[in-house]
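Peer 1: this one's sequence-less:
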């Protein structure tokens, strides 16, 4: 009888230690297990980390099915599998998850950056003010997590969408359940988390079993001399892009 009680006590203790539920950015026991067992199929080479490759021609990247995306796009195969599981779970709550932005190459990001640069600079802003305004929501080419194929934007990139109705319901569901599938909101509320960098993005979710490995590789491999080839490329070091933007994520997403 005493032996049975001891066994029950130990089992209960282990179960309690494994309960790590939480909100945005908190990894559950299931996603922690994914992370610990994960070896990236796609090695974090300098070309992958800076977006200077073709996802459609790279092993380990898969085209997102049309019904799951707003346009043709690729993400890493493991990330797509995790998203499919998360999407199925959300559908049971009448929430329709789909991806509006997946992997972006250096040239994709350059097009976004330079379109915004042209509009702001022509309106009379100087280079520094132009870069700072773009950096509220958009990365410099060569520094975006979207290069990695691990990060996805869901449904809308308009902050107002997630403030009410279906958008609010979706965001609350993601906060409570995305971690079960390995996803984390990297750009959370800056005031609450004291992080630096980009503004809050409720739509941007990162598959941390791979992205944590990629972030470490980026910081080790990429120097400021690698961040060039676009308008304003003299500013990355001055603006501390690696320190405040690449690393400017919710600390719970880096564990």
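Peer 2: Noted; the coordinates are in hand. As the structure is a computational prediction, the values presented were derived from the model and not from experiment. Numbers count the residues shown, from 1 in each chain.

Peer 1: Check for me that residue 206 belongs to a strand.
Peer 2: Yes. Assigned with DSSP: H, G, I helix; E, B strand; the rest coil, residue 206 falls within a strand.

Peer 1: Begin at 42, not 1, for the rest of this chat.
Peer 2: Happy to do that; since the first residue is 42 now, the last one works out to residue 247.

Peer 1: Confirm for me that it is in contact with residue 192.
Peer 2: Yes. Residue 247 is within contact range of residue 192, at 4.6 Å (criterion: Cβ atoms under 8 Å). Where C-beta positions appear, they are placed from N, C-alpha and C, glycine not excepted.

Peer 1: any common contacting residues for those two?
Peer 2: Common contacts of residue 247 and residue 192 (Cβ atoms under 8 Å, 6 or more residues apart in numbering): 186, 227.

Peer 1: So the closest residue to residue 288 other than its chain neighbours, which state does it fall into?
Peer 2: Excluding the flanking residues, the one nearest residue 288 by Cβ to Cβ, 6 or more residues apart in numbering is residue 260, at 7.1 Å. Following three-state DSSP, residue 260 is assigned to helix.

Peer 1: ok, residue 260 - contacts?
Peer 2: Residue 260 touches 283, 287-288, counting by Cβ under 8 Å, 6+ apart.

Peer 1: one more time with 10 Å
Peer 2: When the contact criterion is Cβ atoms under 10 Å, 6 or more residues apart in numbering, the partners of residue 260 are 90, 283-284, 287-288.

Peer 1: go on, residue 281?
Peer 2: Taking Cβ under 10 Å, 6+ apart as the criterion, residue 281 is in contact with 237-238, 265, 287-289.

Peer 1: so which of the residues you listed comes closest to residue 180?
Peer 2: Lowest distance from residue 180 to those (Cβ to Cβ) belongs to residue 287, with 8.5 Å.

Peer 1: That closest one and residue 263 touch, don't they?
Peer 2: Yes. Contact status for residue 287 versus residue 263: in contact at 8.1 Å, counting by Cβ atoms under 10 Å.

Peer 1: what's the overlap in contacts for those two?
Peer 2: With Cβ under 10 Å, 6+ apart, residue 287 and residue 263 have common neighbours 90, 184.

Peer 1: okay, these two: which has more neighbours?
Peer 2: residue 287 (22 against 17; other Cβ atoms under 10 Å).

Peer 1: Thank you kindly, that will do.
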